[in-house]
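Engineer: give me a 3D structure for the following:
(chains A, B, C and D)
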Protein chains: 2
Amino acid sequence: MAPRQKSDRVTIRTVAEDAGVSAAAVSKVLRDAYGVSDTLRARVQASMQKLGYRPHAAARGMRGQTYTLGVILPDIHNPFFTDIVSGVNAALERTQYQTLFGIGQSNVAMEQRLIEAMMDRQMDGILFIGPRMTQAGIEAAAKRIPMAVIAHHARATSYDTINDDDVLGGMLVVQHLTERGYRNIAMLSLETGRPDDRTTVTAQREIGYRRAMEEAGLKRFIKVASAEQTSRDVQGAARHLLEGRSRPEAIFCWTDFIALEVLSVARELRLSVAGDLAVVGYDNTGYCDLAQNSLTSIDQSGQVLGLQAARLLIERIKGRHADEHLVVTPRLVARGSSTRRH
Amino acid sequence: MAPRQKSDRVTIRTVAEDAGVSAAAVSKVLRDAYGVSDTLRARVQASMQKLGYRPHAAARGMRGQTYTLGVILPDIHNPFFTDIVSGVNAALERTQYQTLFGIGQSNVAMEQRLIEAMMDRQMDGILFIGPRMTQAGIEAAAKRIPMAVIAHHARATSYDTINDDDVLGGMLVVQHLTERGYRNIAMLSLETGRPDDRTTVTAQREIGYRRAMEEAGLKRFIKVASAEQTSRDVQGAARHLLEGRSRPEAIFCWTDFIALEVLSVARELRLSVAGDLAVVGYDNTGYCDLAQNSLTSIDQSGQVLGLQAARLLIERIKGRHADEHLVVTPRLVARGSSTRRH
DNA sequence: CTGAAAGCGCTTACAG
DNA sequence: CTGAAAGCGCTTACAG
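Structural biologist: Residues are numbered from 1 along each chain as shown, chains lettered A, B, ... in the order given. Next up is the predicted model:
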C-alpha cells in the first residue's frame, strides 16, 4: 500500500483542535446529532471545510453507521436494471448515503457471498434485486441486516418487497394478443431449477398467462417452455417451439432480452413477425423502440420500483420493523411485433 | 439499526480464547503472515471454522487492508462491460479480494464522488473503466490510492492502463469497408465536450478512422459527427447524416449500442442495410449476432482487458510502483450489415 | 515461534 | 450545551 503518513490525515481530532472544541462535539456535528449550539456547529463546519476533512468510513463502521447501502444486481446485462438504478439514485440524491453494487451473476452461491461481504463491511442495509435465493435464505440474511427486495414475491415479515404486479402483466399480454386474433399463444420462461417456487417474477407471470388463457377459453393452447439466460439456450428453446408440431402464433417472453433472441430466430426461420408469429416482451427497455425490433412489451416503471425500494430501505434502517409490501401496476405498450399488417 | 448484542459477535478474541492462543496469533493466521507454526495455524483454523468466525472489514480497514476493490463503471447499459466484469471476476476468483461496483453515470462529478467514497471506505485499490475524467484528475486520485484504468489512453506514471488498440480498430473498420467497395464513409462518435482530449477511446478510434481514410485516398469523404449517449441525440445525428447532401454509404459507430440506433434510423428511412448503407459497430457485444441486427463489429475481448487489469491492480496494491501499460489487439468480425447481397 | 500492549478514527454513554 | 473516557475489532511493532 502507498504509505500514508500519520501527519497527512485530517481526523476528527485535527478538526477539534482547529475549532477549539472536543472530538465528541465534532462527531455530533458530523452526525447531525442533537445538542449542539449553532455557534459551535458553525465553528466546526468552518474548520472541516478549511481542513478538507473527510470522515473515515471504517472508523465510523466500528461504532455506528457506515452510510453505505449495498445493492445486489443479478447481472449488468439486462437493460431493465438501468431504470431501477436510476430510481435508487434519485431517492438517495440528497442524503448522506452512498450506494455500492454487487453483481450476483444469477447464482445463489454468489449472492450469498455478496450478502456476507456487505455485512462484513458493515453496510447499513441491502437492496436486493431479482434474487435467485429462496425466501428462506433471504429471511435468514434479513434478520441480520435491514433489507428491501425488488422483484421477489413473498410476504415475509423480516424484509420489505417492491414489485410489479406480474400476474396482471402476464394477463395483459394474453388479453392484448387475443384481442388481435392470436390464439395459439406460448410462453417462454426462465429455467430456475425450482418449478414450485412462486416467489420469482417468472412464476408470477406464468400464473397470469395461464389464468388469462383459461379465461379466454384457450386452455388447450397453454404451453410453457423455459430456458436459461444464455443466447444458446434461449435460441434452442425458441427453435424447438417454432419447429415443433402446432407452431404457436405468438410467444410471450419473460423479458425483452429473451424476446430479441426469439425475433432473431423467427427471422432465421423466415417467419414474418406479427404475421406468422407475434412476439411480446417484458420490461419495455430501450431496445423495444428500435425499428428492427419494434417489440411490444410490458412497462413496469423500474424507476418507481427503485425509488420506492430505496425509500423503504432507509425507513427500515432508521428503525421501522413492520414489513411493507408495495405493488405497482404494469401497462402494455403495443408495437409492431404484435401488429398484423393488412 | 437492528441491535446486535455484544455477545453475538465472534471476534478475533473469541477465536483466540477458544484456541488457547493470543489475538495476535489469530491475526497472523488470518492474514497468512509468516511466523506461525503449523500446529498453531491448524488449531486457530479449527476454532474459526467451529465458531463461524468472519473478519470485521471495518476493523481491518482501521489498520491494514480491507481486501476490497472498487470498480467504477460508466453505466450498466453498454453490454460490453459485462465482458470486462467477467474477466475481473475470473482474475479474483481464488483471492481474498471482493469487488464492489460504483456507477459513474458518464459524469465527471459522479466519478469524483465515487472515488472519494471508495477512498473513505479504505478500499485497497480502484479499477476505473472508461473514465470521463481527464488525465490530470485521475492522476490526482491515483496518488492517493492504487489504480488501474481500462479504456483510457494515457502513459501516466501514477497508474496502469489497459487498452485495446483503438487506433488500429478504427483503421480495421475503414479497411474492411473499402475492401467491400464503400468509399463515402462517415464516423459517428461520442460527444464528450472535450474535442482535444486524446485519452478517450473515441478520440483514438477517430484517429484511426482519419488515418485509414487518408491512406485509402478518401480524405475528401472524412466526416465525423458526434452525439451524446442518448437515443434521442444519436438518432438525431444519424438522421442529420443520412438526410444531408452527399449521404454516406457507410457509418462507423464508436460502439455497438449506437450502431443499433443507426440501424433503426436506416430502417425508418427505408434504406437497405449494406445496400444503401453499411453500418459497423465496436465491441462485438451479444446484440451483433441477432439476425435483425447482424452487425459487423470490432472485437476487443473485454474479458482479457478485465482480467489483465485486475492482475495489474493487485500487483500495484502489493507494492509495485512502476507504471505498466497493456495494449491488446482488436479484430474485425464481419456480418451482414456490411455485406452487399447480389 | 508467540504474546502483551498500543493505537487506528470514530461513537456512545455519562458526568458536568 | 459541552467534553473526558472507554471501547469497537482488528494490526503492528516490539519484546521475550
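Engineer: output the below-cut-off pLDDT ranges for the stretch 151-300 of chain A.
Structural biologist: In the prediction, the stretch 151-300 of chain A carries no residues with pLDDT under 70.
Engineer: hey, where'd the strands end up in it?
Structural biologist: With strands called from DSSP state E, counting those that start in this stretch, the stretch 151-300 of chain A shows them at A:160-164, A:185-190, A:224-227, A:250-253, A:278-280, A:297-299.
Engineer: using JSON lines, lay out these together with mean neighbour count.
Structural biologist: Heads up, the C-betas are built off the backbone N, CA and C, glycines and all. As requested, the strands of the stretch 151-300 of chain A are arranged in JSON lines below (neighbours: other CB atoms under 10 Å in any protein chain shown):
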{"stretch": "strand A:160-164", "mean neighbour count": "25"}
{"stretch": "strand A:185-190", "mean neighbour count": "24"}
{"stretch": "strand A:224-227", "mean neighbour count": "18"}
{"stretch": "strand A:250-253", "mean neighbour count": "29"}
{"stretch": "strand A:278-280", "mean neighbour count": "28"}
{"stretch": "strand A:297-299", "mean neighbour count": "24"}
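Engineer: chain B is nearest to which of the ones you listed?
Structural biologist: Of all the strands of the stretch 151-300 of chain A, it is strand A:278-280 that lies closest to chain B, at 10.9 Å by CB to the nearest CB.
Engineer: is there proximity between stretch A:112-126 and DNA strand C?
Structural biologist: No. Figure legend: stretch A:112-126 not in contact with DNA strand C (CB under 7 Å from any atom of the strand); closest approach 11.1 Å.
Engineer: what about that stretch, how long is it end to end?
Structural biologist: Start-to-end span of stretch A:112-126 (CA to CA, to the nearest Å) is 12 Å.
Engineer: wait, does it contact DNA strand D?
Structural biologist: No. Using CB under 7 Å from any atom of the strand, stretch A:112-126 never reaches DNA strand D; the gap is at least 8.9 Å.
Engineer: show me what contacts A:D276?
Structural biologist: For A:D276, the contacting residues are A:E249, A:A266, by CB atoms under 8 Å, 6 or more residues apart in numbering or on different chains.
Engineer: swap in 6 Å and give it another go.
Structural biologist: Neighbouring residues of A:D276 by CB atoms under 6 Å, 6 or more residues apart in numbering or on different chains: there are none.
Engineer: hmm, back to that, make JSON lines from the strands of the stretch 151-300 of chain A and add distance to B:L269 to it.
Structural biologist: Shown next, in JSON lines, are the strands of the stretch 151-300 of chain A (distance: least, CB to CB, whole Å):
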{"stretch": "strand A:160-164", "distance to B:L269": "35"}
{"stretch": "strand A:185-190", "distance to B:L269": "32"}
{"stretch": "strand A:224-227", "distance to B:L269": "35"}
{"stretch": "strand A:250-253", "distance to B:L269": "29"}
{"stretch": "strand A:278-280", "distance to B:L269": "24"}
{"stretch": "strand A:297-299", "distance to B:L269": "24"}
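Engineer: out of the ones you listed, which is closest to DNA strand D?
Structural biologist: Set against DNA strand D and scored by CB to the nearest atom of the strand, the strands of the stretch 151-300 of chain A come closest in strand A:160-164, at 27.1 Å.
Engineer: could you confirm whether the closest one reaches chain B?
Structural biologist: No. Counting by CB under 6 Å from any CB of the partner chain, chain B is not contacted by strand A:160-164; separation bottoms out at 13.9 Å.
Engineer: may I have the strands that pair with that strand, each with its orientation?
Structural biologist: For strand A:160-164, the paired strands and their directions (DSSP bridges) are strand A:147-150 (parallel), strand A:325-328 (parallel).
Engineer: pull up the residues of chain A that are close to DNA strand C.
Structural biologist: So far as CB under 7 Å from any atom of the strand goes, chain A lies against DNA strand C at A:6, A:9, A:11-13, A:23-24, A:27-28, A:30-31, A:33, A:53-56, A:59-60, A:62-64.
Engineer: are any of those buried, and which?
Structural biologist: The neighbour count (16 or more other CB atoms under 10 Å in any protein chain shown) marks A:T11, A:I12, A:S27, A:K28, A:L30, A:Y53, A:P55, A:H56, A:A59, A:R60 as buried among those.
Engineer: separation between A:R60 and DNA strand D?
Structural biologist: Computed with CB to the nearest atom of the strand, to the nearest Å, the distance linking A:R60 and DNA strand D is 9 Å.
Engineer: same for the helix or strand harbouring A:R60, what does it pack against?
Structural biologist: Using DSSP states H and E, A:R60 falls within helix A:57-63. Applying 3 or more CB pairs under 6 Å, 6 or more residues apart in numbering or on different chains; DSSP states H and E, one finds that helix A:57-63 contacts helix B:57-63.
Engineer: quick check: mean pLDDT across the helix it packs on?
Structural biologist: For helix B:57-63, mean pLDDT rounds to 83.
Engineer: tell me how far A:A16 lies from A:T285.
Structural biologist: 51 Å (CB to CB, to the nearest Å).
Engineer: which of those two has more neighbours?
Structural biologist: Neighbours of A:A16 and A:T285, each counted by other CB atoms under 10 Å in any protein chain shown, are more numerous for A:T285; the result is 25 against 18.
Engineer: report the separation between that one and B:A46.
Structural biologist: Distance from A:T285 to B:A46, by CB to CB: 51 Å.
Engineer: next one: A:A140
Structural biologist: Applying CB to CB to A:A140 and B:A46 gives a distance of 25 Å.
Engineer: how about A:R63?
Structural biologist: According to CB to CB, A:R63 and B:A46 sit 31 Å apart.
Engineer: can you list the domain ranges for chain A.
Structural biologist: A:10-55, A:68-164+A:302-328, A:166-300+A:332-338 (automatic domain parsing).
Engineer: the residue at minimal distance from the centre of chain A: what's it in contact with?
Structural biologist: Central residue of chain A (CA atoms, centre = their mean): A:I129, 3.5 Å from the mean position. A:I129 makes contact with A:L73, A:I150 under the criterion CB under 6 Å, 6+ apart.
Engineer: try it again with 8 Å
Structural biologist: A:V71, A:I72, A:L73, A:P74, A:F81, A:I84, A:V149, A:I150, A:A151 are the contacts of A:I129 under CB under 8 Å, 6+ apart.
Engineer: try A:D124
Structural biologist: A:Q65, A:T66, A:Y67, A:T68, A:L69, A:Y97, A:P146, A:I317, B:M1.
Engineer: same thing but 6 Å
Structural biologist: A:Q65, A:T66, A:I317.
Engineer: reformat these as CSV; add secondary structure, neighbour count and distance to DNA strand D.
Structural biologist: As requested, the contacts of A:D124 are exported to CSV (DSSP: H, G, I helix; E, B strand; the rest coil; neighbours: other CB atoms under 10 Å in any protein chain shown; distance: CB to the nearest atom of the strand, whole Å):
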residue, secondary structure, neighbour count, distance to DNA strand D
A:Q65, coil, 17, 13
A:T66, coil, 22, 12
A:I317, helix, 21, 19
